[in-house]
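Visitor: give me coordinates for this.
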Amino acid sequence: MNQTQTEQKLMQNNFALKKLQGIKPNGVKSRGKTNLEKLLATRDTVLKENRSNLDQVGNNASKSLFLTGYMFRALKNIEFNESDLRQFIFATAHYGYDDNTKLLAGVLPGCLLTILTKRRREKNKQTFFHVDGEGMEYPYLFYSTQLADYLVVENFKGDHICNNVAVGHDTFVNAVYCRNLEGKSNLSSIGMSGAKLNLAIGLDLRGDSTFFKPGYNSGSIGLIYSSGCEGERMFVNVGRSKGKIDMIIAHNESWRNYSLEFFGWGAEYVNLLDISGDLSCCFSETKNSKIKKYCPLQNVKILLDRTSDPQDYLAGASYLLKLSASENSKDYADTRNKFFINQIEDLVEDLRNQNEEQIFNTLKQVEELHAKAKLKQFVDLRYGR
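Guide: Numbering: from 1, shown residues only. Just a heads-up that it's a prediction; the model follows:
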């Protein structure tokens with residue numbers, strides 16, 4: 001074969017190869033992005049486009065609202081479910097960001113849950129979301145979640161987890177339950193500023209400022225249940241500034257300085273407070289005169305007292321009816337039975353040992369018992385409010 005023939009043969013082979021390269025194998029298509037990949041790509045875009053803008057937006061609540069609006073637009077055409085959201089959380093934890101980016105990263109799961117809940121509610125369906133972090137760190141996780149039917153968060157470390165859940169008018173979260181969290185300001189500033197929150201449960205939360213400002217600024221909360229929580233500044237500013245809270249069941253085991261400050265001050269009402277434990281550790285020994293001034297509970301309608309209170313910090317409390325386990329034992333027991341408090345306690349304390357399906361069933365039962373109690377109607381009729 002001469003050189004000319006060789007060159008012609010090479011040209012023919014190259015042409016044939018180009019034709020083959022343009023042919024796709026029969027029945028084989030390129031793989032599209034998974035839902036998780038789409039969510040992560042959206043997250044990267046949000047981080048890139050908004051990191052520098054956040055400094056100009058204002059406080060953390062304003063920043064979260066800004067980001068939620070942005071995410072609604074960015075995710076308009078992306079479908080996802082609870083499993084995708086759970087994978088997203090595990091894929092985006094453990095980032096050593098600055099404070100702004102930590103906030104942004106933590107807000108995004110709440111944005112996704114809000115969007116998912118809104119879509120489901122439009123179809124008259126509920127959203128049940130549960131995530132177990134198994135000890136991972138994720139500050140600001142679910143910060144400023146605006147809409148949720150059932151949100152369950154267990155075994156995480158970090159500050160401000162489930163903080164600012166249900167804040168603002170037209171915001172409704174049915175139930176949020178947190179267990180075994182370590183960090184400050186977790187499950188705080190909930191059900192505020194005109195929002196509605198039906199049920200909030202905190203079990204074994206370690207860190208200061210848990211249940212700080214619930215119902216603040218005209219918020220509305222049905223039932224708050226706290227057990228096994230420890231730290232300073234617990235239950236401070238409860239219902240302050242025209243808040244409305246139907247029932248609080250609080251087992252004080254390790255509350256420390258400044259807890260119960262300004263409880264109910266300026267609130268519309270706290271219909272029932274069932275409180276137990278030792279109050280002597282709640283206040284700084286060096287500032288007893290100051291703390292005693294700000295401790296007395298206000299605007300509590302029914303106070304059920306099971307406390308060990310050697311310095312009598314509840315002496316100046318404002319209430320319409322007070323029953324003590326030690327002084328009015330029969331009336332105290334009858335009132336707890338009347339409002340299903342014993343049954344609610346049994347159900348909630350069992351949550352620690354339940355799987356996902358059992359947890360959601362238990363939360364529904366607690367809701368039903370609280371609804372049956374009709375506490376608000378009882379208080380309205382008895383005290384003419």
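
Visitor: who touches stretch 214-225?
Guide: Under the contact criterion CB atoms under 8 Å, 6 or more residues apart in numbering, stretch 214-225 has outside partners 166-167, 188-202, 211, 235, 237-250, 267, 344, 348, 366, 370. Every residue, glycine included, has its C-beta placed from N, CA and C.

Visitor: any idea where the helices of the stretch 201-350 of the chain begin and end?
Guide: Assigned by DSSP state H, counting those that start in this stretch, the helices in the stretch 201-350 of the chain fall at 288-294, 329-338, 341-349.

Visitor: and Lys123, which of those is closest to it?
Guide: helix 341-349 (29.3 Å; CB to CB).

Visitor: buried subset of the contacts of stretch 214-225?
Guide: Neighbour-count burial (16 or more other CB atoms under 10 Å) is assigned, among the contacts of stretch 214-225, to 166-167, 188-202, 211, 235, 237-241, 243-250, 267, 344, 348, 366, 370.

Visitor: low pLDDT regions in the stretch 51-200 of the chain?
Guide: The stretch 51-200 of the chain contains residues with pLDDT under 70 at 51-63, 94-97, 100.

Visitor: got a pLDDT number for Tyr258?
Guide: At Tyr258, the pLDDT value in this model is 82.

Visitor: check the secondary structure at Arg382 for me.
Guide: Under DSSP: H, G, I helix; E, B strand; the rest coil, the three-state class of Arg382 is helix.

Visitor: how close does it sit to Asn163?
Guide: Applying CB to CB, to the nearest Å, the value for Arg382 to Asn163 is 36 Å.

Visitor: quick one: which of those two has more around it?
Guide: More crowded of Arg382 and Asn163, by other CB atoms under 10 Å: Asn163, with 29 against 12.

Visitor: just the element for the more buried one, please.
Guide: Assigned by DSSP states H and E, Asn163 belongs to no helix or strand.

Visitor: pretty sure it contacts Thr145?
Guide: No - counting by CB atoms under 8 Å, Asn163 does not reach Thr145; the two are 9.6 Å apart.

Visitor: which SS state does Thr117 fall under?
Guide: helix.

Visitor: now Phe66
Guide: helix.

Visitor: ok, Phe235 - contacts?
Guide: 211-212, 214, 226, 248, 250, 255, 259-260, 263.

Visitor: among these, which two are most distant?
Guide: Pro214 and Trp255 (15.0 Å).

Visitor: so if I had to pick from these two, which one is more boxed in?
Guide: Per other CB under 10 Å, whichever of Pro214 and Trp255 has more neighbours is Pro214, with 28 against 25.

Visitor: from Lys125, how far out is the nearest residue to that one once chain neighbours are set aside?
Guide: Of all residues not flanking Pro214 in the chain, Ile190 sits nearest, at 5.3 Å (CB to CB, 6 or more residues apart in numbering). Going from Ile190 to Lys125 by CB to CB gives 24 Å.
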